[in-house]
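Asks: pasting the structure only:
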């Protein structure tokens, strides 16, 4: 057997699992813990235990050396083991959204092949500098946390195409953000930004910039020169002085919402 679907069956514990599984999904059950037998499935490629009530993740997860997709979203996790960073075969998706995480381990930066990371809707107050090691990331979702700052190493994610930071506590952005030259979408809605770094003008591939509901009073003129910008949302910045170059953006075809 290579695939086992246990979704939505009201399970409170796992049945005996065949050792040759490649894919296992136990989405939307009543699991509060994951058995040690799960970490012995050495051929497992995809594991989905989202939408349960799991509160702890065993360090033995490092035994799943062939895993490429891991979904732990919508659980009750408060911490992650350092051994999560040993899952170097993770190259597709890692879902950790909607848990109770206040931090992520430094070892997370070891997932150099990972393309999609979701840690949204948690309680994160900071990110480790090692996040810059996630060199393969195309999409990073961090919305709905308590981040007051971003590490300088965020600029090392040069393959990133989408960065979602809505609903945090950001007051400023690092200049290293300008190194994300492949970024297409940047969502900063519902933060406390008072200014933007001039390096934001280096985001030549940026198409969508959402700045709604911040504390901006001015915008750097370099925004007007972003060649690929298709949508700029500035609504609900009550003190923002609208620069004249916004008219040039609109004439060029960019949708500007004020």
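Replies: Yes, it's here. Remember, predicted model here, so these are calculated numbers, not experimental data.
Asks: you'd agree residue 201 is in a helix?
Replies: Yes - the assignment for residue 201 (DSSP: H, G, I helix; E, B strand; the rest coil) places it in a helix.
Asks: so what's the backbone phi/psi at the closest residue to it other than its chain neighbours?
Replies: Nearest residue to residue 201 in three dimensions, chain neighbours excluded: residue 222, at 2.6 Å (C-beta to C-beta, 6 or more residues apart in numbering). Yep, even glycine has a C-beta here, placed from its N, CA and C like the rest. Torsion angles at residue 222 (phi, psi; degrees, to the nearest 10) stand at phi -60, psi -20.
Asks: residues in contact with residue 214?
Replies: 188-194, 236-237 (C-beta atoms under 8 Å, 6 or more residues apart in numbering).
Asks: show me where pLDDT drops low in the stretch 51-200 of the chain?
Replies: Within the stretch 51-200 of the chain, no range satisfies pLDDT under 70.
Asks: any idea where the helices of it begin and end?
Replies: In the stretch 51-200 of the chain, no helices are defined using DSSP state H, counting those that start in this stretch.
Asks: Now residue 255, what are its backbone angles?
Replies: Taking degrees, to the nearest 10 as the convention, residue 255 sits at phi -80, psi 120.
Asks: pLDDT wise, what is it at?
Replies: At residue 255, the model reports a pLDDT of 98.
Asks: Residue 1 too?
Replies: pLDDT, residue 1: 63.
Asks: Can you get me a residue count around the residue nearest to residue 201?
Replies: By other C-beta atoms under 10 Å, the residues close to residue 222 number 17.
Asks: That one contacts residue 204, doesn't it?
Replies: No - between residue 222 and residue 204 there is no contact under C-beta atoms under 8 Å: 11.0 Å.
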